[in-house]
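> Got a predicted structure here, sequence first:
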Amino acid sequence: MLSNTMIEALNEQIRIEFESSNLYLQMAAWCAWKGYEGGETFLRAHSEEERMHMMKLFTYVGETGALAVISAMEQPKAEYESLSDMFKQILKHERFVTSKINELVDLAYKEKDYSTLNFLQWYVAEQHEEETLFSSLVDKIELIGHDGRGLYLIDKELGKQATAAAGQ
Ligand code: FEO
């Protein structure tokens, strides 16, 4: 059985993962608007991934006999200065998500809630993977450059990453 504090914290994480899904879907729309097809495919797929993160939490809360609650969500930002700006904001967002997962882990430790602690391990590993992925994409964008050819190559790379992830 979960404590009320833990139920509240897990429900907050449901909102954060849902917001992440909406944020990446909105970013996919911006990519489509700007003609970045690879970026659109990549971010649509990532939006689905975030929905899966949300659903895992939603299922876990329900399985413990508690009530999963979907709360009001923040409207995602719709426009970006550039592809580089957008990916920097994604990396910043993922670092924020990692900090929230770490807070949940701290709480589970404090409450000796070993079931939730075990459940959260998947998120700890996932956040490590996501930060590594987005940090390398930010580096690549910086390296390849911001001119037309550079952006074309980055967009192709994003399309390739999305296809590779779908084949996993
Ligand atoms: Fe579910 Fe990208 O954090």
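Perfect, I can see it now.
> Can stretch 9-22 be said to contact the ligand?
Yes: using Cβ under 6 Å from any ligand atom, a contact is recorded between stretch 9-22 and the ligand, made by 17, 20. C-betas here are computed from N, CA, C, even on glycine.
> Please name the nearest non-neighbouring residue to the residue of the chain found nearest the ligand.
Residue nearest to the ligand within the chain (Cβ to the nearest ligand atom): residue 53, separated by 3.7 Å. The shortest distance from residue 53 to any non-neighbouring residue, by Cβ to Cβ, 6 or more residues apart in numbering, is to residue 17 (4.3 Å).
> Next, the one you found: phi, psi?
Per-residue torsions, residue 17: phi -70, psi -40 (degrees, to the nearest 10).
> Please report the distance of it from residue 26.
15 Å (Cβ to Cβ, to the nearest Å).
> Between the two, tell me which one has more neighbours.
residue 17 (22 against 18; other Cβ atoms under 10 Å).
> Pull the contacting residues for the more buried one.
Shown in contact with residue 17 (Cβ atoms under 8 Å, 6 or more residues apart in numbering): 50-51, 53-54, 57, 97.
> switch the cut-off to 10 Å
49-58, 97, 100, 123 (Cβ atoms under 10 Å, 6 or more residues apart in numbering).
> quick one: the helices in this protein?
Along the chain, counting by DSSP state H, helices occupy 4-34, 37-63, 83-110, 114-144, 148-166.
> Show me what the fourth one is packed up against.
In this case it means helix 114-144. helix 4-34, helix 37-63, helix 83-110, helix 148-166 (3 or more Cβ pairs under 10 Å, 6 or more residues apart in numbering; DSSP states H and E).
> what would these look like in TSV with mean pLDDT?
Compiled in TSV, those are given as follows (pLDDT from 0 to 100):
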stretch	mean pLDDT
helix 4-34	98
helix 37-63	97
helix 83-110	97
helix 148-166	85
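> out of those, which comes closest to residue 116?
helix 83-110 (4.4 Å; Cβ to Cβ).
> what's the angle between that closest one and helix 114-144?
160 degrees (axes from the mean of the first three to the mean of the last three Cα atoms, to 10 degrees).
> What is the burial count for the residue of the chain closest to the ligand?
23.
> Wait, it touches residue 21, no?
Yes: contact criterion Cβ atoms under 10 Å: residue 53 and residue 21 qualify, at 7.9 Å.
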